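[1] with the input below, show me the fold.
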Amino acid sequence: MSEKMSGKVFPPPIVLLHLIMGSMVTQAVHVAARLDLAEALADGPLSADEVARRAGSDPDATYRLLRLLASRSIFAERADGTFETTPMADALRADSPVSMRDLALLIGGPLHWEDWGHLVDAVRTGEPVLPKLRGMGAYEFLASDPEFAQVFTGAMGNMSNLETDAIVQAYPFERFDTIVDVFGGGGSLLAALLGRAEKSKGVLVDERAETLGAAALFERAGVSGRCSVDGTGLFAPPPAGGDAYVLKHILHEWSEEKSLEILRNVRGAIKDDGRLLVMEFVVPEDASDHPAKLVDLWLLLLIGGRERTSAQYADLFAKAGFELTQVVATASAVSIIEARPV
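    Sure, this is the predicted structure:
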């Protein structure tokens, strides 16, 4: 048996070798992000020596790094020996419209590597490793290390930004008078939804909203007149009377017990004809490749969370007083799981 890679057919051991060595490429991308190599090349092609001068790195080592990344279409090596950016390299810039820089910093960083070095413990026990590894849970650790928390939050924002436009385009949010975004962070998703649903009102429910600058974001997006902020915590009842209650990447972090607590609070607040809109990765029932299967292990490793299949969501919703009505795929890996109160 053989597998296809880049249009060529290779025997399975070679395909496996590429997968095994993928972590090395991750580290190379991480270093390019740390040294801001994409920023150095933003104004045009440069020699590796000049890139190294701007980055404060060794010229020969910088050339060898750029050469590897150019072989993966991250940067391009020109006939004259200089290097230039590519669309993927542009995404390593902090000012890129859809930047992946923070994600590259996180995934290639030493703490992330240390976490994944203990995956075997999580698989053996079925429990997260952080409490034993660092003496505290994931949220406590983020609170104790502001520098790491900034990188982690930025990385999660990178991932979320990939999904926003796909979500907005995949579902008719304009049908709702009031959209309530539960634990919606800084409000970027809600602002995008209101940008599409021009007659709808929005409520951002998050005790962190002020700190995360939600009011300023709504002002910049031109939706502040149609949007309010409620400082209620995740496990408290949200404001009542909404037509749609949005939960984006919330339930996958929690056990069934805690997820049911969140959902039952929404059930007590939602209108009889309202809709619950859960935005998560949905694990395929078949053997197909999907980011949900990787993120599922990441959740197990860090906090004991999990990604779920559509059948598991249907069961979870039923226990909270909802009926799953449809799963809407988007142009990204995230799906919109719609349910109605029963």
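
[2] nearest residue to the residue most central in space within the chain in space, please, no chain neighbours.
    Nearest to the mean C-alpha position of the chain, by Cα atoms, centre = their mean, lies Met159 at 3.1 Å. Once flanking residues are discounted, Met159 sits nearest to Leu103: 6.4 Å by Cβ to Cβ, 6 or more residues apart in numbering. In short, each C-beta sits where N, CA and C put it, glycine included.

[3] helix, strand or coil for that neighbour?
    Three-state call for Leu103 (DSSP: H, G, I helix; E, B strand; the rest coil): helix.

[4] one step back: now the residue nearest to the centre of the chain: which helix or strand?
    Here Met159, judged by DSSP states H and E, is contained in helix 146-170.

[5] any idea of the mean pLDDT in that helix?
    This predicted structure assigns helix 146-170 an average pLDDT of 92.

[6] for that helix, packing partners?
    helix 101-107, helix 138-144, helix 188-196 (3 or more Cβ pairs under 8 Å, 6 or more residues apart in numbering; DSSP states H and E).

[7] report the angle between it and helix 188-196.
    Compare the direction of helix 146-170 with that of helix 188-196 by axes from the mean of the first three to the mean of the last three Cα atoms, to 10 degrees and you get 30 degrees.

[8] which positions within helix 146-170 qualify as buried?
    Buried residues in helix 146-170, counted by 16 or more other Cβ atoms under 10 Å: 151-155, 157-164, 166-168, 170.

[9] would you mind pulling the contact partners of it?
    Helix 146-170 is contacted from outside by 98-103, 105-107, 109, 111, 141-143, 188-189, 192-193, 195-196, 248-249, 279, 328-334, 336, using Cβ atoms under 8 Å, 6 or more residues apart in numbering.

[10] what about Tyr313, how many residues nearby?
    Tyr313: 22 surrounding residues under other Cβ atoms under 10 Å.

[11] isn't it up against Leu324?
    Yes - here Tyr313 reaches Leu324: they are 6.0 Å apart, a contact under Cβ atoms under 8 Å.

[12] which neighbours do those two share?
    Common neighbours of Tyr313 and Leu324, using Cβ under 8 Å, 6+ apart, are Ile337.

[13] rewinding a little: in ChimeraX, select just the buried ones from the contacts of helix 146-170.
    Buried residues within those, by 16+ other Cβ under 10 Å, are selected in ChimeraX with:
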select :99,100,101,102,103,105,106,107,109,141,188,189,192,193,248,249,279,328,330,332,333,334,336
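
[14] secondary structure class for Leu204?
    Taking three-state DSSP, the label given to Leu204 is strand.

[15] could you pull up the contacting residues of it?
    Listed by Cβ under 8 Å, 6+ apart, the contact partners of Leu204 are 181, 184, 187, 190, 214, 227-230.

[16] try it again with 10 Å
    Shown in contact with Leu204 (Cβ atoms under 10 Å, 6 or more residues apart in numbering): 179-187, 189-191, 212, 214-215, 217-218, 227-231, 246.

[17] then Ala94?
    By Cβ under 10 Å, 6+ apart, the residues touching Ala94 are 33, 36, 38-39, 101-102, 154.

[18] quick check on the residue nearest to Met100 when sequence neighbours are not counted: phi, psi?
    The spatially closest residue to Met100, leaving aside those adjacent along the chain, is Ala91, at 4.6 Å (Cβ to Cβ, 6+ apart). With angles defined as degrees, to the nearest 10, Ala91 sits at phi -70, psi -10.

[19] how far away is Ala91 from Arg64?
    Distance, Ala91 to Arg64, using Cβ to Cβ, to the nearest Å: 22 Å.

[20] name the residue in those two with the higher neighbour count.
    Using other Cβ under 10 Å as the criterion, Ala91 and Arg64 rank with Ala91 on top: 21 against 13.

[21] does the more buried one touch Ser73 like I think?
    No - contact criterion Cβ atoms under 10 Å: Ala91 and Ser73 do not qualify, at 11.4 Å.

[22] report pLDDT for the residue of the chain most remote from its centre.
    Largest separation from the mean C-alpha position in the chain: Asp80, at 38.5 Å (Cα atoms, centre = their mean). Asp80 is assigned 96 on the pLDDT scale.

[23] can you check the one 4 residues further on too?
    What the model reports as pLDDT for Glu84 is 98.

[24] sounds good, over and out.
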